[in-house]
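**Q** Next input, structure requested:
(one chain, ligands or ions: 1)
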Amino acid sequence: MSTETRLYTGRFAPSPTGPLHSGSLVAALASWLDARAHDGRWLVRIEDVDTPRCIAGATETILQQLATCGLLADAAPWWQSQRGAAYQKALGQLQARALAYPCGCSRKDIAAALLARGLTPERHGELVYPGTCRQGLQGREPGAWRVRTDGLGGSDLHIAWQDRRLGPQTQNLSQAVGDFVLRRADGLWAYQLAVVVDDAEQGVTDVVRGADLADNTPRQIHLQRLLGLPTPRTLHTPLVLAADGQKLSKQNGAIALDLSLPVRALQQAAQVLGLPPDLPSATVAEWLAAAVPAWRASCPARCPAVA
Ligand SMILES: [Zn+2]
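**A** Numbering: from 1, shown residues only. Coordinates of the predicted model:
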């Protein structure tokens, strides 16, 4: 484990569910540029906690794609699939303080409980958990572990934070998300817990990632506060949209990156980030060397960390 302390540590954290697409290259480039522009460290972390969704060979492909674009990490990558003991320790801390509790609800149970309260179950396809098992399992089999998201005296928990590009943000975590899963019924670790534990252990000070992940931030801030961990600054980059205006994803057929001309791919990513189109581009190295000061001149200001 690195004990090196720097003023800035950033990371790019792809899921190996397929090769990078143009949207993920934007996020990778932005996080790399931001780290370099702040004379910081840049790490790569493979977010493979959701093992059934991972594709064999995707990690190697992603690392090769990053290398082709000259985006080289300052340390060997971490694999979340090897970090279960650390996530268990964090869950144990929350269990010991009764901030996490076992849940025996199926998806159907949750939808029925929400409907019984006259609430619409869907939120981005996820169900807002109504807190059924807070009072105990009442005969249900324990499955997932959830974290409480209520405020003092059972009031709603509002999380406010400052994003470097999006500005002031706020979410009523209790109403928008509800008590969320830390460990799934199938034993897999939830992304939110893994990210928070790893960001803290890797000393990440700045999270630069796609705006599609912005709405995860309040859940992560909540866990950071409960676990006594620092909250990194965030910068959520613009998304590359598919021709139909939808978010680009592997599901809607995002085409794999064409890296036969890596400088061209970098220039296209840079355009999304608002960098000048005319940086010297004879080689990848030359283009990157010019892009760092360009980013430094134009990047959204760093804001104080959310306490
Ligand atoms: Zn439950």
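**Q** Pick out the residue nearest the middle of the chain.
**A** residue 213 (5.7 Å; C-alpha atoms, centre = their mean).
**Q** wait, doesn't residue 63 sit right on residue 77?
**A** Yes - look at residue 63 against residue 77 with C-beta atoms under 8 Å: they come within range, at 7.0 Å. In this view, the C-beta of every residue, glycine as well, is placed from N, C-alpha and C.
**Q** Overlap of the contact sets of these two?
**A** Common neighbours of residue 63 and residue 77 (criterion: C-beta atoms under 8 Å, 6 or more residues apart in numbering): residue 44.
**Q** Extract the CA atoms of stretch 201-212 and return them as PDB.
**A** Output in PDB follows, covering the C-alpha atoms of stretch 201-212 (Å, rounded to 0.1, in the frame of the first residue of the first chain):
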ATOM      1  CA  GLU A 201      -7.600   3.700   1.000                       C
ATOM      2  CA  GLN A 202      -6.000   5.000  -2.200                       C
ATOM      3  CA  GLY A 203      -6.000   8.500  -0.900                       C
ATOM      4  CA  VAL A 204      -8.100   9.800  -3.800                       C
ATOM      5  CA  THR A 205      -8.700  13.600  -3.400                       C
ATOM      6  CA  ASP A 206     -10.400  14.200  -6.700                       C
ATOM      7  CA  VAL A 207     -13.000  12.200  -8.500                       C
ATOM      8  CA  VAL A 208     -13.400  13.100 -12.200                       C
ATOM      9  CA  ARG A 209     -16.000  11.000 -13.900                       C
ATOM     10  CA  GLY A 210     -19.000  11.100 -16.300                       C
ATOM     11  CA  ALA A 211     -22.100  13.000 -15.300                       C
ATOM     12  CA  ASP A 212     -24.100   9.800 -15.400                       C
END
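**Q** mean confidence for it?
**A** Computed over stretch 201-212, the mean pLDDT rounds to 96.
**Q** again, but for stretch 291-307
**A** 71.
**Q** same deal with stretch 134-141?
**A** Mean predicted confidence for stretch 134-141 is 90.
**Q** Contacts for that stretch, please.
**A** Outside stretch 134-141, the residues touching it (C-beta under 8 Å, 6+ apart) are 101-105, 109, 133, 148, 179.
**Q** Around the ion, which positions in the stretch 101-250 of the chain sit nearby?
**A** 103, 105, 132-133 (C-beta under 5 Å from the ion).
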